[in-house]
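J.: Sequence plus predicted model, see below.
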Amino acid sequence: MSTIFECIGVGRNFGALTALENISLKVQQGEVRAVIGPNGAGKSTLFNVIAGTLKPSNGRVVMQGNDITGMRPEAICQLGISRTFQLSSIFPEMSAFDNVRLAAQGKLGGRWHLLGGSKVLEQASSLAEQAMNRLNLRAIFDTPAGNLSHGDQRLVEVAMAIAQRPTILMLDEPTQGMSIQETRRAVDTLKAMLAEESLTVVLVEHDMDVVFSLADRIAVLHRGRLIADGSVEEVKADAGVQDAYLGGVD
Amino acid sequence: MQSKTIGVLVILALIFAPQYLPVYAMTLLTELVILALFAMSLDLMVGYTKLVSFGHAGAYGLGAYVFGLLSLHTNIALPFGVFLSAVIVGIVAIGIAWSCTMATGVSFAMLTLAFGQLGYAVSIKWVSVTGGSDGLSGIPRRLGPFGWAMLTTKTGFYLFALTCLIGSYFFCRALIRAPFGQVLRGIRENEMKVFALGYNTRRYKIAVVSLAYFFAGMAGALYASFAGFANPEMLFWTVSGQVLIMVIVGGKGTLIGPMLGAIFFIMVEHKLSELTESWGLFMGIIFIGFVMFAPDGIFGILNKNVSKRFNKKSLFPQDAGNGAGDQQL
Amino acid sequence: METFSFILIQTLNALSQASLLFFLGSGLALIFGIMRVVNFSHGALYMLGAYIGYTTARLTGSVWVAMVISPLIVGAIGLIFELGFLRHLYKRDEDAFLLVTFGLTLVLAEITRLFWGAPPLQVAIPKGLDSVVFIFDEPMPTYKIFLIAAGAIASTFIWIFLERTRLGLLIRATSQNSQMLHALGTDINLIRSGVFALGCALAALGGVLAAPSVTASLGMSSAVIDAFVIVIIGGMGSFLGAIFGSLIVAGVQTFGNYFFPDFALVFLYALMLAVLIVRPGGLLGKEA
């Protein structure tokens, strides 16, 4: 397996506050990498730095050999990183299908064409259909996204990211706000999808069950630093991690 | 396919109108066609991309002046003159759009207002070119290409204007249904997300504003030819307000709605102004009423009621507009 | 010596213009600070202030009385608007608010035209101020000096009110975090309505003060652009920023007008554009 993506010494300050300090981690192609940590550990900051919504104060982000540090979000998306947001971000009045189709369209050429337009729409439509089927969302194709349950909205967001056929899929707390059933259903769906097709996934999650079900390797952040990085067993056994979560309070 | 039949009937009625309508009605109808084009152009911005503009009269007036200058100083034939004016306005609009899209929301609206007022000021001050507060007058209506005298007649001109309107409508409709239109919808509902999906949203906004100005410029050029003059009042913010009223009251995000709004506006103006001097006041109140209580406009009201009779959700299943019907596959 | 006198004269001109702009802009800044929405009819209220001032002056024979009565009346009108329907629009998106206040502008413009007619109306300069002082042999209308004084006094007074009184503290706090205050028992709605009325009254005061100088005219509604530029430059919602913005805009207008009389508008809009590019939240300001 090759390294498809890495952060090298990434740091981010907000004024006097150091949100991230010297984060170096590698992501292998095809693996599911979870990033966990207590509140305020810097997970979302790291996520946003990778996705381009924030510029790092130091360090570099490299994808497939290309330095993508500080690139604009839409350029990073075009390079192959698709992400979801922590707070649901969808198009409420469009149907779920149209939501996903618009996402798929974003990575297709010929988007500006008037004459060739219908072909592009067809392509986008089939990509959308595939993505939604993989996530078992057939039933809600036509429902306006704003009317969907919270859990379904989160899944539609994931479908939108998948429909872009990304090289790296980044999920920011995908099960946040979901009920227990929704979470279980989401995890099963994601597992099934990952079994069919090997995608590289970077996952920020709070729910440990979700993490242990899906992740191949886990990186643990605490107060902006990387305190553990390894397989599920290694991290479970790591004393420093236990400390951070169960012992010393912030 | 109810909507298609209605559409065909309406177009036919409009084409044959000169046969059965008296002259004064034809004049009114011609003016309506021009205003419908003006209103529809603003809908691209307001209805489909949620870019509220208070300065659209600037595009309209600029089109009128450009056409006036072209016609007065060159021998250009009417159709080319109108088209060229629209293109010039569209090109100028790219610069304006680039500036205005630096900001969003209220700031965007204020910038459009500023540019509109700037246009107004220029039209008054640049006396040597624009004729100052008197404007341009005596704008000739020239022969069509190949010496088509037909366009100099009232009926000929009406049909030309109608062609412009219908052609523009179908162009805009195709645009809305193309991938481009889907992006506009996305921007309207959640611009941040569209950006995150990899689109350069600013470019799309510049494009749609330039297009809107293009069509408004076309309308302005047509009006200058129709009325024979162009004056600074055409660029004043109250005119921007009037076309905005047409869009909102008619029904934004539908292309057809604003045309209905134009009809409504002109009818109210003509009927009420006979009864009272304060028709503008009523228009303003009606506008506020629609914004607060009937945001889907006249089109929305009609669509709901007629569809109910036919037991459908909407008469326009293919309209990828304001969500009146969502399937487009 | 000549350059010095020129600069002095122009500066005084600019300061008196800044005073008028201050009343206009500070009203909008206060309203935005509290409500986070831009009241498009602000310019129309400024205009209304001028016209009501005109009528009051004619009825009572005193422009001074007009300067007191007109803001009160317009403030009351603003209050009625806010209570009547603006209040219901806060929950809806900002576009609806913008459109409704735009409609209000049209309505107010029409009402003004109907009551007072289209041609501009002259308001007499109050006696005692209609003379001229000579500064370095250049005539300077006393009225302008009065305006400078009025602006300075009013801005100081309002600043003291905002910074040093309990009510002022409440107002500032509301613009920072209204939910918190609400939880603490303050009647947010009361404060909002009050500040809105105050903002309208300030605009009207600007109008009635401006009238003797520039005549009351229908074109005054577009003053909302000036107000907006001031608020943008000074930072949306910042009172001090409004003072700062007024000075800058007046300076640009006065000196620009002198050197390039036809381009003053261009300078203004170019300034607005530049500020929006550099700092979408304004120079002194909170988030836009």
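T.: On my side now, so go ahead. Just so it is clear, the structure is predicted and the values come from calculations on it, not from any experiment. Residues are numbered from 1 along each chain as shown, chains lettered A, B, ... in the order given.

J.: got the end-to-end distance for stretch A:113-120?
T.: 9 Å (C-alpha to C-alpha, to the nearest Å).

J.: Return the set of buried residues in that stretch.
T.: When burial is assessed from 16 or more other C-beta atoms under 10 Å in any protein chain shown, stretch A:113-120 yields the following buried residues: A:117, A:120. Backbone N, C-alpha and C define where each C-beta goes, glycine included.

J.: can that stretch be found next to chain B?
T.: Yes. Using C-beta under 8 Å from any C-beta of the partner chain, a contact is recorded between stretch A:113-120 and chain B, made by A:113-114, A:117-118, A:120.

J.: What about the nearest residue to residue C:217 once chain neighbours are set aside, how many residues nearby?
T.: Leaving aside its chain neighbours, residue C:217 sits nearest to residue C:120 (3.8 Å; criterion: C-beta to C-beta, 6 or more residues apart in numbering or on different chains). Applying other C-beta atoms under 10 Å in any protein chain shown, we find 17 residues neighbouring residue C:120.

J.: Would you mind measuring from residue C:120 to residue C:71?
T.: Between residue C:120 and residue C:71 the computed distance is 21 Å (C-beta to C-beta, to the nearest Å).

J.: do the same with residue B:293
T.: Using C-beta to C-beta, we find residue B:293 at a distance of 32 Å from residue C:71.

J.: Have a look at these two and say which one is more surrounded.
T.: residue C:71 (28 against 7).

J.: Would you tell me whether the helix ranked longest in chain C gets close to chain B?
T.: With secondary structure taken from DSSP state H, chain C has its longest helix at helix C:2-35. No. Helix C:2-35 stays clear of chain B (C-beta under 8 Å from any C-beta), getting no nearer than 9.2 Å.

J.: gap between that helix and the chain center?
T.: How far helix C:2-35 lies from its chain's middle: 10 Å, per C-alpha atoms, centre = their mean, to the nearest Å.

J.: Just list what the helix or strand following that helix packs against, helices and strands only.
T.: Next along the chain after helix C:2-35, taking DSSP states H and E as the criterion, comes helix C:42-60. Using 3 or more C-beta pairs under 8 Å, 6 or more residues apart in numbering or on different chains; DSSP states H and E, the elements in contact with helix C:42-60 are helix C:2-35, helix C:63-84, helix C:94-116, helix C:188-214, helix C:223-234.

J.: Mind doing that once more with 6 Å?
T.: Applying 3 or more C-beta pairs under 6 Å, 6 or more residues apart in numbering or on different chains; DSSP states H and E, we find helix C:42-60 packed against helix C:63-84, helix C:94-116, helix C:188-214, helix C:223-234.

J.: now the angle from it to helix C:2-35?
T.: 110 degrees (axes from the mean of the first three to the mean of the last three C-alpha atoms, to 10 degrees).

J.: what's helix C:42-60 in contact with?
T.: When contacts are defined by C-beta atoms under 6 Å, 6 or more residues apart in numbering or on different chains, helix C:42-60 is touched by residues C:24, C:28, C:63, C:66, C:69-70, C:73-74, C:105, C:108, C:112, C:116, C:121, C:123, C:200, C:203-204, C:206-208, C:211, C:216, C:220-224, C:227.

J.: Can you say which of the residues you listed are buried?
T.: Among the contacts of helix C:42-60, those scoring as buried are C:24, C:28, C:63, C:66, C:69-70, C:73-74, C:105, C:108, C:112, C:116, C:121, C:123, C:200, C:203-204, C:206-208, C:211, C:216, C:220-224, C:227 (criterion: 16+ other C-beta under 10 Å).

J.: From what I see, residue A:8 and residue A:63 are in contact.
T.: No. Residue A:8 lies out of contact with residue A:63 (C-beta atoms under 6 Å); the separation is 11.6 Å.

J.: So between these two, which is more surrounded?
T.: Counted by other C-beta under 10 Å, residue A:8 and residue A:63 do not tie: residue A:63 has more neighbours, with 21 against 17.

J.: Once you drop chain neighbours, what's closest to residue 64?
T.: Defaulting to chain A. Per C-beta to C-beta, 6+ apart, closest to residue A:64 is residue A:4, 6.0 Å.

J.: think we crossed wires, I meant chain C
T.: Residue C:64 sits nearest to residue C:126 (C-beta to C-beta, 6+ apart), 5.9 Å away.

J.: Likewise for residue B:86?
T.: residue B:218 (3.8 Å).

J.: what's the helix or strand for that neighbour?
T.: Element membership of residue B:218, judged by DSSP H and E, is helix B:201-227.

J.: Now do the following helix or strand past that helix, average pLDDT.
T.: Using DSSP H and E, the helix or strand that follows helix B:201-227 in sequence is helix B:237-250. Here helix B:237-250 scores 92 as its mean pLDDT.
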